[in-house]
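A.B. asks: generate a structure from the sequence data that follows.
(one chain, ligands or ions: 1)
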Amino acid sequence: MKIILAGDHGAFELKKEIIKHLQDKTSYQIINLGVDNGESVDYPSYAQKLCSAILAKEAERGVLLCGTGLGMSIAANRFKGIRGALCHDEYTARMSRQHNDANVLILGARTIGVATALGIVDVWLQEDFVGGRHQRRLDKIEK
Ligand code: RB5
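C.D. replies: Presented below is the predicted three-dimensional model:
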């Protein structure tokens, strides 16, 4: 599975940890769109890069990070076809896949620790959409 990651300066350290974690798993191909240092950038630019790449089918899934996850969440969900889920624990990560078919996971680096974030990422990448009544609800959102 191809996974694209992007984040702002508030989350570059957590993104680095996630990339290191995922690179150990052979089934994932990682694309990093930056930013890779603490120099201040504008999160909407990185949300746009990642969401455009997901919509262009350059990867199946995306992970967006900023300090709180809120800015990335607001920005990502402006893109038609992007279902961005701001998750704080493994339960919300699981539900965002099973019920919401989230194609972008959003994390707030200043709100959760590294171990929690890695657990969320693992669950989110493993879980599948269950369809059924949940597909009907997603169809309503798309319309
Ligand atoms: C950057 O300081 C911060 O505003 C950003 O990372 C994010 O939390 C915005 O929602």
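
A.B. asks: could you use CA atoms for every contact and neighbour count after this?
C.D. replies: Will do.

A.B. asks: just give the number of residues close to S73.
C.D. replies: Using other Cα atoms under 10 Å, S73 has 24 other residues around it.

A.B. asks: up against the ligand, what does the chain have?
C.D. replies: Residues of the chain found near the ligand (Cα under 6 Å from any ligand atom) are D8, G10, C66, G67, T68, G69, L70, G71.

A.B. asks: could you save these as CSV and add columns showing pLDDT and secondary structure?
C.D. replies: Converted to CSV, the residues of the chain next to the ligand look like this (pLDDT from 0 to 100; DSSP: H, G, I helix; E, B strand; the rest coil):
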residue, pLDDT, secondary structure
D8, 98, coil
G10, 98, helix
C66, 98, strand
G67, 98, coil
T68, 98, coil
G69, 98, coil
L70, 98, helix
G71, 98, helix
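
A.B. asks: show me where the protein has its strands.
C.D. replies: 2-7, 29-32, 61-66, 84-86, 104-108 (DSSP state E).

A.B. asks: ok, residues contacting the shortest one?
C.D. replies: With Cα atoms under 8 Å, 6 or more residues apart in numbering as the test, strand 84-86 has contacts from 69-70, 73, 76-77, 93, 96, 102-108.

A.B. asks: if we use 10 Å, what do you get?
C.D. replies: Strand 84-86 is contacted from outside by 51, 62-65, 68-70, 72-78, 92-93, 95-97, 100-108, using Cα atoms under 10 Å, 6 or more residues apart in numbering.

A.B. asks: pretty sure M95 contacts A102?
C.D. replies: Yes - assessed by Cα atoms under 10 Å, M95 is found in contact with A102 at 9.0 Å.

A.B. asks: which of the two has more neighbours?
C.D. replies: A102 (24 against 20).

A.B. asks: what's the separation between the more buried one and I4?
C.D. replies: Applying Cα to Cα, to the nearest Å, the value for A102 to I4 is 14 Å.
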